[in-house]
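> Dropping a prediction and its sequence here:
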Protein chains: 2
Amino acid sequence: MQTPTTSSAPEAVEHPHVDIIKVSARSRSTAVAGAIAGVVREHGRAEVQAIGAGAVNQSVKAMAIARGYLAEDGIVVVFVPYFTETTIDGQERTAIRMVVEPR
Amino acid sequence: MQTPTTSSAPEAVEHPHVDIIKVSARSRSTAVAGAIAGVVREHGRAEVQAIGAGAVNQSVKAMAIARGYLAEDGIVVVFVPYFTETTIDGQERTAIRMVVEPR
């Protein structure tokens, strides 16, 4: 059985680095959707990071909305979630990263 | 601007119906991951439904884990979230559906 922390994300290695869109539980999903769509239009892909249920929820809503925005430009995107470890205020936290990229 | 409720999900029309995996905030993510992997192995795709932040969070964790399970079988899956309306106890609720399908 694979544990969350060993999930691999080959996409993160294959593509050039772009800034990660960090989403909190208080982020507006339409604003995040606009950011995702903008980054995908410019760089061909985007990456979203969320820690905690509220942030993950806002991220997923934003991705569903961003999919609509990008579809208007003929860009069909899909999503690849994976776990990653990050350090916040000196504490190790498990974050969810979601890659947004063309199908 | 596209509103959440008008997000389309062409995938839901193009593919044969399979049972929807309903996830709650109390669902174990590894159990849901096993269900997703099983349905994808049998039917080629799966669909997950979540209402509320806790349920969406468990769904996304499950999808990240299921991606690992399926990768062991050489199946690379991606995720397509969309909004849908559902009626629970006579009340209209907005649910998040997540299609899991091969890239």
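Arrived safely.

> Contact residues of chain A facing chain B?
Contact residues (Cβ under 8 Å from any Cβ of the partner chain) of chain A with chain B: A:1-2, A:4, A:6-8, A:25, A:29-30, A:52-54, A:56-57, A:60-61, A:63-65, A:67-69, A:71-72, A:78-83, A:96, A:98, A:103. Where C-beta positions appear, they are placed from N, C-alpha and C, glycine not excepted.

> can you do 6 Å?
Taking Cβ under 6 Å from any Cβ of the partner chain as the contact definition, chain A meets chain B at A:2, A:7, A:53-54, A:56-57, A:60, A:63-64, A:68, A:78-83, A:96.

> Just the ones of these in strands?
A:78-83, A:96 (DSSP state E).

> Counting by contacts, list what the top helix by length along chain A packs against.
Ordering each helix of chain A by length in residues (DSSP state H) puts helix A:53-72 first. Helices and strands touching helix A:53-72, by 3 or more Cβ pairs under 6 Å, 6 or more residues apart in numbering or on different chains; DSSP states H and E, are strand A:20-23, helix A:29-43, strand A:46-50, strand A:77-88, helix B:53-71, strand B:77-88.

> Kindly reformat the ones you listed as TSV containing mean pLDDT and mean neighbour count.
Output for those, formatted as TSV (pLDDT from 0 to 100; neighbours: other Cβ atoms under 10 Å in any protein chain shown):
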stretch	mean pLDDT	mean neighbour count
strand A:20-23	96	20
helix A:29-43	97	19
strand A:46-50	97	24
strand A:77-88	94	18
helix B:53-71	97	24
strand B:77-88	95	18
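
> can I get those in TSV with distance to B:G34?
Converted to TSV, those look like this (distance: least, Cβ to Cβ, whole Å):
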stretch	distance to B:G34
strand A:20-23	28
helix A:29-43	29
strand A:46-50	23
strand A:77-88	17
helix B:53-71	7
strand B:77-88	14
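
> for these, which one sits closest to B:V39?
Closest approach to B:V39 among the helices and strands packed on helix A:53-72 (Cβ to Cβ): helix B:53-71, 9.4 Å.

> what does that closest one contact?
Contacts made with helix B:53-71 from outside it, assessed by Cβ atoms under 6 Å, 6 or more residues apart in numbering or on different chains, are listed as A:2, A:7, A:53-54, A:56-57, A:60, A:81-83, A:96, B:23-25, B:27, B:29, B:32-33, B:36-37, B:40, B:48, B:50, B:77, B:79, B:96, B:98.
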